[in-house]
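J.: Kindly generate the corresponding structure for this input.
(2 chains)
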Amino acid sequence: MHIDLRTVSIKPLRQTYDHVARRIGGDKPASRYQEGTFDLQATHNFHYRPTWDPQHEIFDPSRSAIRMADWYAFKDPRQFYYGAYALARAKQQDTAEGNFDFVEDRGLADDLPAALRDTVLKLLVPLRHVAWGSNMNNAAICAYGYGTAFTQPCVYQAMDQLGIAQYLTRIGLLLGDVAVLDEAKAAWMDDEAWQGLRRYVEDSFVLKDPFELYVAQNVVLDGLLYPLVYETVIDGVLAARGGTAVAMLTRFMTDWFGETRKWVDATLKTAAAESVGNQALLQKWIAHWRDRAAGALLPVARIALDEDAEAVLADTLQQFDARLAKAGVAL
Amino acid sequence: MDMQVAKKKLGLKEKYQVMTRGLDWEPSYQKKEDIYPYASYEGIKIHDWDKWEDPFRLTMDAYWKYQAEKERKLYAIIDAYAQNNGHLNVTDARYINTVKLFLTGVSPLEYMAHRGFAHAGRAFPGAGPRVACLMQSLDEIRHAQTQIHALSNFNKHYNGLHDFRHMHDRVWYLSVPKSFFDDAVTAGPFEFMVAIGFSFEYVLTNLLFVPFVSGAAYNGDMGTMTFGFSAQSDEARHMTLGLEVIKFILEQDPDNLPIVQRWIDKWTWRGYRVLTLVAMMMDYMLPKRTMSWKEAWEVYFEENGGALFKDLARYGITMPKCAETIALEKDHLSHQAWGTFYNYGAAAAFHTWVPEKEEMDWLAAKYPESFDKYYRPRLEFWREQAAKGKRFYNKTLPMLCQTCQIPMLFTEPGDPSKICYREVDYQGSKYHFCSDHCKAIFEHEPEKYVQSWLPVHQIYQGNCFPEGTDPTAEGFDPLAAVLQYYHLEFGRDNLDFEGSEDQKNFDLWRGQATKNG
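T.: Have a look, this model is predicted:
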């Protein structure tokens, strides 16, 4: 049965803000993502040049070599504005909390085979520094990129990566204690296995083009690291060796990558579809950083995979290439 | 059987440290000065970033959990408020003009704060402050968006809000808040933190954010009130960050003191000048007033701020000198500002009016030294003129201050009968200022402030007409062309409240909601 509750109905003068209406093809109801994103960043009549970068305006598309007729062509398929973002992450952290509790309450960490626990600590704990690097890089893209549609998701990404670094820290503290954090940091600083990756991350810190930084960090490094470490090594190889509990503890990362890659793909696709010039530039950047990342990840993969590492990494690279081809950047 | 070795337990502080600064490392493949290129040019000396005391300890999982809970509640109320036509419960339709001022003038600054804190959150070589700044960056986009979302329903029903982003970058009086924030983000990261984190968030927030939110609460605007209250716990974090920044910088090196003192002096004055808009909002635009501007200044700056500066005295920080000038202006500020907007009511995206008699009596009681003597006669004259069909609209353009960009409307400190003018010759040009303080700010960094995009200069240079306008065409109306450039709809967004579409619609709709047809 239909219940007809009555409210006083008055006819509004307009449905949304004009700048939003201009972008959605007229005055019609707009989503919260649209109202919370379109044209939020200032574009005109800046008063002063940054004293820290006098070559550019405060917000300046020429900080990147990528050219867009309209930087609001970028769309986040997740439609994340702050509220939607916070709700999505709160749900995931609730699951993560449940998983940590489950593993802790049943003493599952203590039941892990010693060799496996050792492998997990050696592989995962240094990755907290990699996530921290991504936090810094996404802060930079958010600060120096152009247009809210492009920069807004980067602050979410930055804080997600801080969250991931904190989950990895908790895994270290759960499977070991504070000493394993120090050992992992020592490995990150000095062990041969980690130096390629650390060099990659430090080199990314000095990139000036926010879009190249996006490619080096969000497209390439995370695009290879997450499938390799979380999907293949943790959820596949180590789970089969009795490490299912570890897969529970990294569920946040697996789900997170499955979600964020859709946004990364959409961003890449939009930039590449804009022009042949963009496409060529993206190909060049991706080819360069992909080779460096592959070289850096091989010794890391060996920590868990030994002689299988090369084959597994080759698989990961192949899947990565296929994914990028779909997004419009064939290598 | 294996003996379990007892795990070393971490205290809360240590735990937060391994969750944040423990993630950082000393780079060796790239030089630190290349990774943090903006950290030294301001002359601030930091010897040990580890001395940073985290002002709050919130890991991301807890952050997401708390914030999501707040968002759920906030949007439930925003939705209910819209569905119930809550806008018809405000005291009277004049109130809505404060909302217009807020959305066009303040919400875009929340967004700028988001980007500015992202910059600071990348620029500092210390991991502790970077994390705190990034969390604030994330909060600030929340504030921008919750304001835009909460006020969206006002935009659906009233004029003046419809193109707030476009207006913020162009309209003459909005260049006051815009240039304030542009000034802060174009400064180095340390100055940005003193400007926004300390001077604005800590010292002046009770005079900006709070009057709007309290005004909303007093005037039945539950939507605005709710986002204000929801932002409160974020603001508490931002305030502790602002204070920690100051203490940290000052404790690091005695050479930092004169730099920080100059920044505090500058940003207290810059912030105060922006508050001119708030002063007139409190005294003239709220149908039900919370307190006068003068009372607010006395409570929140002279008393609370006084205690703060006493506390900072151990670092050598003194009360900004401009406080003396501000004290001399507090009887006049809101009246002079409202008088100016009444004059330029044809070029503003909100309505202006002459206060009613009871309201003038309230003003006289709050401002016994000044209102009846200087300001009531002028308002009464304007009311008489309007009654005769001669509502006064000023069509000439005012001279603007090169620093704060406010029209030169302020009077000499201590002499309300004389407009205050100051000028400086710099590289063959003359620059004009509203006060000694704005002049001093210019003189310290003239190369920065000569860049100011001054709306009046820009209009006279022909830069504020729609593309394709021919100013030499016969019958060219410059004001009409400027309003088109602003996207300001003549006769709907501007002019007197009396006779406005807002006034008519509100009365009509309220009638529909409260009476039988």
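
J.: wait, residue A:8 sits on residue B:511?
T.: No - with contacts defined as Cβ atoms under 8 Å, residue A:8 does not count as touching residue B:511, sitting 10.4 Å away. Heads up, the C-betas are built off the backbone N, CA and C, glycines and all.

J.: Can you pull out the low-pLDDT segments for chain B?
T.: Chain B contains residues with pLDDT under 70 at B:1-6, B:517.

J.: What are the boundaries of the strands in it?
T.: B:411-412, B:415-419, B:422-426, B:429-433 (DSSP state E).

J.: For residue B:256, see how far away residue B:316 is.
T.: Separation of residue B:316 from residue B:256 (Cβ to Cβ, to the nearest Å) stands at 10 Å.

J.: Next to chain A in this structure, residues from the stretch 351-500 of chain B, please.
T.: Contact residues (Cβ under 8 Å from any Cβ of the partner chain) of the stretch 351-500 of chain B with chain A: B:448, B:449, B:451, B:452, B:453, B:458, B:487.

J.: Only the buried subset of those residues, as a PyMOL command please.
T.: Selection of buried members from those for PyMOL, criterion 16 or more other Cβ atoms under 10 Å in any protein chain shown:
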select buried, chain B and resi 448+449+452+453+458+487
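
J.: who's in contact with residue 81?
T.: Assuming you mean chain A. Taking Cβ atoms under 8 Å, 6 or more residues apart in numbering or on different chains, we find residue A:81 in contact with A:32, A:33, A:36, A:37, A:152, B:145.

J.: wrong one, chain B
T.: B:87, B:150, B:153, B:222, B:223, B:226.

J.: is it true that the third one touches residue B:82?
T.: So that's residue B:153. Yes - judged on Cβ under 8 Å, residue B:153 makes contact with residue B:82 at a distance of 4.1 Å.

J.: if I look at the two, which residues touch both of them?
T.: Joint contacts of residue B:153 and residue B:82 (Cβ under 8 Å, 6+ apart) are residue B:223.

J.: and of the contacts of residue B:81, the nearest to residue B:503?
T.: Lowest distance from residue B:503 to the contacts of residue B:81 (Cβ to Cβ) belongs to residue B:87, with 13.7 Å.

J.: quick check, nearest of the contacts of residue B:81 to chain A?
T.: residue B:153 (8.4 Å; Cβ to the nearest Cβ).

J.: What's the separation between that closest one and residue B:168?
T.: From residue B:153 over to residue B:168 (counting by Cβ to Cβ), the distance is 20 Å.

J.: which one of the two has more residues nearby?
T.: residue B:168 (24 against 19; other Cβ atoms under 10 Å in any protein chain shown).

J.: How about the contacts made by the more buried one?
T.: A:42, B:104, B:105, B:108, B:174, B:177, B:178.

J.: how about CSV for the contacts of residue B:81, with distance to residue B:69 added?
T.: Below are the contacts of residue B:81 laid out as CSV (distance: Cβ to Cβ, whole Å):
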residue, distance to residue B:69
B:87, 27
B:150, 18
B:153, 23
B:222, 19
B:223, 19
B:226, 14
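
J.: Of those residues, which belong to helices?
T.: B:150, B:153, B:222, B:223, B:226 (DSSP state H).

J.: Now the two most distant members of those.
T.: B:153 and B:226 (12.4 Å).

J.: Now the common contact residues for those two.
T.: B:78, B:81.

J.: Which of the contacts of residue A:81 fall in strands?
T.: Per DSSP E, those never map to strands.

J.: so where does residue A:76 fall, helix or strand?
T.: Counting by DSSP states H and E, no helix or strand carries residue A:76.

J.: Can you verify my assumption that it contacts residue A:31?
T.: No - Residue A:76 is beyond contact range of residue A:31, at 11.4 Å (criterion: Cβ under 8 Å).

J.: These two: which is more packed in?
T.: Set residue A:76 next to residue A:31 and count neighbours by other Cβ under 10 Å: residue A:76 wins out with 20 against 14.

J.: Now do the same contact list for that one.
T.: A:33, A:37, A:149, A:152, A:153, A:263, A:266.

J.: how far away is the fourth one from chain B?
T.: Put plainly, it is residue A:152. 7 Å (Cβ to the nearest Cβ, to the nearest Å).

J.: Residue B:135 versus that residue, what's the distance?
T.: Taking Cβ to Cβ, one finds residue A:152 at 16 Å from residue B:135.

J.: interface residues of the stretch 151-300 of chain A facing chain B?
T.: Residues of the stretch 151-300 of chain A lying near chain B (Cβ under 8 Å from any Cβ): A:151-152, A:155-156, A:158-160, A:162-163, A:165-167, A:169, A:173, A:177-179, A:181, A:185, A:188-189, A:198-199, A:202-203, A:205-206.

J.: Next step: these restricted to helices.
T.: Short answer: these in helices (DSSP H) are A:151-152, A:155-156, A:158-160, A:162-163, A:165-167, A:169, A:173, A:178-179, A:181, A:185, A:188-189, A:198-199, A:202-203, A:205.

J.: on that earlier part again, quick check, nearest of the contacts of residue B:168 to residue B:481?
T.: Of the contacts of residue B:168, the one sitting nearest to residue B:481 (Cβ to Cβ) turns out to be residue B:174, at 18.2 Å.

J.: Let me see the contact set for that closest one.
T.: Contacts of residue B:174 (Cβ under 8 Å, 6+ apart): B:104, B:105, B:167, B:168.
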